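Undergrad: After the sequence you'll find the predicted model.
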Amino acid sequence: MKILIATDGSIYSDVAVKSVAEREWPTGSELRVVSILEHSSLESITAGEYAFKLDEIREEVRQMIKQIASSAADTLSRPSCSASYVVREGLVAQEILEEAKKWGADLIVVGTHSRKGLSRFLLGSVAQKVAIHANCSVEIVRKPQENAA
């Protein structure tokens, strides 16, 4: 079984990584972490006083994302399953879907911010886009309620 876990280092995606790490998977399963360097997160610095440093900043962000993905893969690593990671660049939902298709994932696991109302409408939902367009099963993991018993 091939399980693709999307992470951005947020508490929401950490819950997804933890959920996968706590389960037993069939021997020989492959776990792959995907983290995305989203271009729009860097667009705001293309103008102004930091524009000349864009390549340097992009590389620093890429290294941070690589560390997040590597750390998640280490968390998932176990003798019965292989764990790897990949860093992609582009639109988050699109890149998760592309990696899942390219790699042949059987399951995609993503966390969710659980946005509602106007913020969800305006910002969209990566988890929702992945669930709607994936060619495989998708599991959306929510962060437990703070006051849940």
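TA: Cool, got the structure. Residues are numbered from 1 along each chain as shown.
Undergrad: who's in contact with the closest residue to Gly104 other than its chain neighbours?
TA: Nearest in space to Gly104, with sequence neighbours left out and distances taken as Cβ to Cβ, 6 or more residues apart in numbering, is Lys2 at 5.9 Å. C-beta coordinates here come from the backbone N, C-alpha and C atoms, glycine included. Contacts for Lys2 (Cβ atoms under 8 Å, 6 or more residues apart in numbering) come out as 29-30, 32, 103-107.
Undergrad: Turn those residues into CSV, including pLDDT and secondary structure.
TA: Below are the contacts of Lys2 laid out as CSV (pLDDT from 0 to 100; DSSP: H, G, I helix; E, B strand; the rest coil):
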residue, pLDDT, secondary structure
Ser29, 97, coil
Glu30, 98, strand
Arg32, 99, strand
Trp103, 98, helix
Gly104, 98, coil
Ala105, 99, coil
Asp106, 99, coil
Leu107, 99, strand
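Undergrad: Output the residues you listed as a markdown table; include the columns distance to Arg62 and neighbour count.
TA: Shown next, in a markdown table, are the contacts of Lys2 (distance: Cβ to Cβ, whole Å; neighbours: other Cβ atoms under 10 Å):
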| residue | distance to Arg62 | neighbour count |
| --- | --- | --- |
| Ser29 | 28 | 17 |
| Glu30 | 24 | 17 |
| Arg32 | 18 | 21 |
| Trp103 | 20 | 15 |
| Gly104 | 25 | 11 |
| Ala105 | 23 | 25 |
| Asp106 | 28 | 14 |
| Leu107 | 27 | 19 |
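Undergrad: so how far is Ser84 from the residue nearest to Cys81 when sequence neighbours are not counted?
TA: Distance criterion Cβ to Cβ, 6+ apart; nearest residue to Cys81, sequence neighbours excluded, is Ser29 at 4.4 Å. Ser29 sits 12 Å away from Ser84, going by Cβ to Cβ, to the nearest Å.
Undergrad: What part of the chain, helix or strand, is modelled with the least confidence?
TA: helix 117-123 (a mean of 47; mean pLDDT, DSSP states H and E).
Undergrad: and after that one, which helix or strand comes next?
TA: Going down the chain from helix 117-123, the next helix or strand is helix 126-133, by DSSP states H and E.
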